[in-house]
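# Could you work out the structure for the sequence below:
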Amino acid sequence: MTANDSFFQQKQAAAVLKHGILSRYVHVFASMTGVGSREGRVWFVDGYAGPGRYEPEDGAAFGAPGSPLLAIKTAADLSVKSSARDLRCIFIEVDETYADNLRAVLEAEAPHAVHYQVIQGEVETHLRSALALVASDPLLVFLDPFGTSLPFELLCEILRSRASGEITEVLLNFNLLAVSRIGGLLEGEDGRCGRGTSDATLARVDQFLGGAWWRDVFRAAREGDAPGEASRAAAAVADEFRKRVLASTGYLSMPVPIRRRPNHRPLFLLTLFYRHEAAPYQFAEAASGANEDWRRFNRALDLEEDVERNLDTLFDRALCTELSEREATEAEAALEAQWIEIIESNIRELLTEHDEVPVASEVLNIFGRTLALAREKHLRKAWDNLTAAGLVEPRQPSIRMRNLSIRRAPATP
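Okay, here's the model as predicted:
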């Protein structure tokens with residue numbers, strides 16, 4: 001049994017969110033970047049592919065699909081669209097049993113028209129040969145390592161190895177939980193390992209983060225042993241990590257928190273490394289849709305738990321479901337109203353400093369703390385509200401939102 005066997009035993013809420021983002025973003029990445037590529041060809045490389053499916057839950061014939069099946073489905077969908085894209089997939093998996101299982105799953109379920117290959121071995125060993133197959137075609141790499149097994153230099157090598165004109169993005173699932181747990185065991189001024197960890201463990205984290213610098217950052221950000229302090233310190237490490245990738249490669253980044261439940265601390269940061277200014281806008285759209293699905297998934301879990309606790313009450317399952325759906329609709333409406341109000345406030349603040357705000361380059365500031373929750377329809381409503389208030393010029397519906405700029409309305413005489 002490998003260290004991450006338990007991960008694939010049952011798909012959890014966090015995986016619902018992660019895979020919801022992944023499936024949406026792979027689709028939009030291939031659709032957009034395949035416009036100018038040879039024969040619409042785009043590549044997806046999954047460096048830690050896994051066995052293909054999670055273990056089936058009670059009574060189910062099949063387990064939930066993992067990232068390779070999501071990519072294969074996207075490739076199949078794109079191949080039959082009018083603007084056909086040839087999404088080709090390379091799956092790398094170190095565990096021989098997992099790789100064999102993945103091959104069997106894909107042989108049974110992948111359409112013949114979809115091009116893919118499964119490579120068994122270390123991603124460090126096989127990445128260069130995978131990139132050689134990609135050549136100059138658009139490339140999206142997905143890296144979801146177990147713990148801190150991905151070397152920092154490998155991530156930077158992927159980004160640096162591609163020429164400036166070659167479209168390249170990397171989606172890294174940064175393990176906040178692992179960093180917070182291991183960082184929480186640091187002792188002393190020199191950041192040496194404490195009880196429950198080892199020099200080898202710290203060395204792996206050093207390799208993942210690109211040096212021992214993170215120990216000082218973690219200790220400086222952690223103010224004590226109160227609940228949440230280790231998580232906050234891990235987030236500070238992740239911030240510095242992204243800055244170091246930027247300094248080393250020139251790639252900007254956008255992280256999306258991955259949680260089990262809405263009130264829980266993030267377990268991971270699904271982080272997109274990109275160069276094109278349209279990327280964060282599209283990634284935010286994907287994350288928003290996935291977050292909506294994730295909230296629905298969690299509400300279904302809550303409903304099931306409520307029903308199980310109250311089996312002997314007068315309320316039957318149908319009534320509980322009806323009440324839950326009504327509450328969910330009201331909760332979503334309240335969230336959307338809050339997001340629109342926040343976006344309006346952000347736009348007003350930006351326009352105190354600038355005459356116009358380009359949507360694509362300022363998307364992070366426009367959405368602010370609603371990023372990955374709100375999406376284009378909420379921005380559209382906020383813009384229209386500000387127009388009605390006489391604060392900004394009307395938007396142009398015939399132009400894609402990401403290509404527009406929000407302009408301050410001229411002062412009335």
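
# Please count neighbours and contacts with C-alpha atoms only from this point.
Fine.

# looking at this structure, which helix or strand does the model trust least?
The least trusted helix or strand in the chain, going by mean pLDDT, DSSP states H and E, turns out to be strand 192-193, with a mean of 58.

# buried set for the helix or strand that comes right after it?
The helix or strand immediately downstream of strand 192-193 is helix 199-209, counting by DSSP states H and E. Buried residues in helix 199-209, counted by 16 or more other Cα atoms under 10 Å: 202, 204-209.

# Then stretch 222-235?
Under the neighbour-count criterion of 16+ other Cα under 10 Å, stretch 222-235 has 222, 229-235 buried.

# Now, these that are in helices?
Here DSSP state H is the test, and those give 229-235 as lying in helices.

# will you turn these into TSV that also has pLDDT and distance to I258?
Shown next, in TSV, are these (pLDDT from 0 to 100; distance: Cα to Cα, whole Å):
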residue	pLDDT	distance to I258
E229	89	18
A230	90	17
S231	91	13
R232	93	15
A233	95	17
A234	95	14
A235	96	12
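
# returning to what we had before: pick out whichever of the buried residues of helix 199-209 sits closest to I92.
F208 (18.6 Å; Cα to Cα).

# how about the closest residue to that closest one other than its chain neighbours, what does it touch?
Take F208 and drop its neighbours on the chain: the residue closest to it by Cα to Cα, 6 or more residues apart in numbering is P151, 4.4 Å away. Contacts of P151 were listed using Cα atoms under 8 Å, 6 or more residues apart in numbering, and they are 207-210.

# Name the residues of stretch 348-361 that are buried.
348, 350-351, 356-357, 359-361.

# Actually, stretch 24-32.
The neighbour-count check on stretch 24-32 (16+ other Cα under 10 Å) flags 24-31 as buried.

# Over to stretch 385-399?
Quick answer for stretch 385-399 (16+ other Cα under 10 Å): 385-387, 391-395.

# among those, which are in helices?
Those of these lying in helices (DSSP H): 385-387.

# Torsion angles phi and psi at the residue nearest to F208?
When read as degrees, to the nearest 10, the backbone of P151 gives phi -70, psi 140.

# likewise R162?
Per-residue torsions, R162: phi -100, psi 140 (degrees, to the nearest 10).

# so it touches C156, yeah?
No - R162 lies out of contact with C156 (Cα atoms under 8 Å); the separation is 10.5 Å.

# between the two, which one's more packed in?
Here R162 and C156 are compared on neighbour count by other Cα atoms under 10 Å; more neighbours surround C156, at 19 against 16.

# Could you measure from the more buried one over to S31?
Shown here: C156 relative to S31, a distance of 25 Å by Cα to Cα, to the nearest Å.

# Likewise for Q117?
On the measure of Cα to Cα, Q117 and S31 end up 21 Å apart.

# Please apply the same query to V217.
Distance of V217 to S31, computed by Cα to Cα: 40 Å.

# what pLDDT, on average, does stretch 93-113 get?
Mean per-residue pLDDT for stretch 93-113: 94.

# actually stretch 127-139, not the one I wrote
Rounded mean pLDDT across stretch 127-139 is 92.

# And for it, what's in contact with it?
Contacts of stretch 127-139 (Cα under 8 Å, 6+ apart): 33-34, 37-38, 41-45, 47, 90, 162, 166-169.

# at 10 Å what do you get?
Contacting residues not belonging to stretch 127-139 are listed as 29-30, 32-34, 36-47, 87-92, 117, 119, 121, 123, 154, 157-158, 161-163, 165-170 [Cα atoms under 10 Å, 6 or more residues apart in numbering].

# And the buried ones among these, selectable in PyMOL?
Selection of buried members from the contacts of stretch 127-139 for PyMOL, criterion 16+ other Cα under 10 Å:
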select buried, resi 29+30+33+34+37+40+41+42+43+44+45+46+47+87+88+89+90+91+92+119+121+123+158+162+167+168+169+170
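
# Okay, now the unreliable bits of the stretch 101-250 of the chain?
Scanning the stretch 101-250 of the chain for pLDDT under 70 picks out 187-197.

# now with 90?
Residue ranges of the stretch 101-250 of the chain with pLDDT under 90: 112-113, 128, 146-149, 162-165, 184-201, 222-229.

# how about the helices of it, start to end?
123-134, 152-160, 176-183, 199-209, 213-221, 229-249 (DSSP state H, counting those that start in this stretch).

# Please identify the helix or strand for the closest residue to K381 other than its chain neighbours.
Distance criterion Cα to Cα, 6+ apart; nearest residue to K381, sequence neighbours excluded, is I340 at 6.9 Å. Using DSSP H and E, I340 falls within helix 317-351.

# And L269, by the same measure?
strand 268-274.

# Could the C-alpha coordinates of that strand be exported in PDB?
Below are the C-alpha coordinates for strand 268-274, written out as PDB (Å, rounded to 0.1, in the frame of the first residue of the first chain):
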ATOM      1  CA  PHE A 268      -4.900  23.100  -0.500                       C
ATOM      2  CA  LEU A 269      -4.400  26.100  -2.800                       C
ATOM      3  CA  LEU A 270      -5.200  25.100  -6.400                       C
ATOM      4  CA  THR A 271      -2.800  27.600  -8.000                       C
ATOM      5  CA  LEU A 272      -2.600  28.600 -11.600                       C
ATOM      6  CA  PHE A 273       0.700  29.800 -13.000                       C
ATOM      7  CA  TYR A 274       0.200  31.800 -16.200                       C
END
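
# tell me what that strand is packed against?
Packed against strand 268-274 by the contact rule (3 or more Cα pairs under 10 Å, 6 or more residues apart in numbering; DSSP states H and E) you find helix 13-33, strand 139-143, helix 152-160, strand 168-175, helix 176-183, helix 229-249, strand 252-258, helix 279-309.
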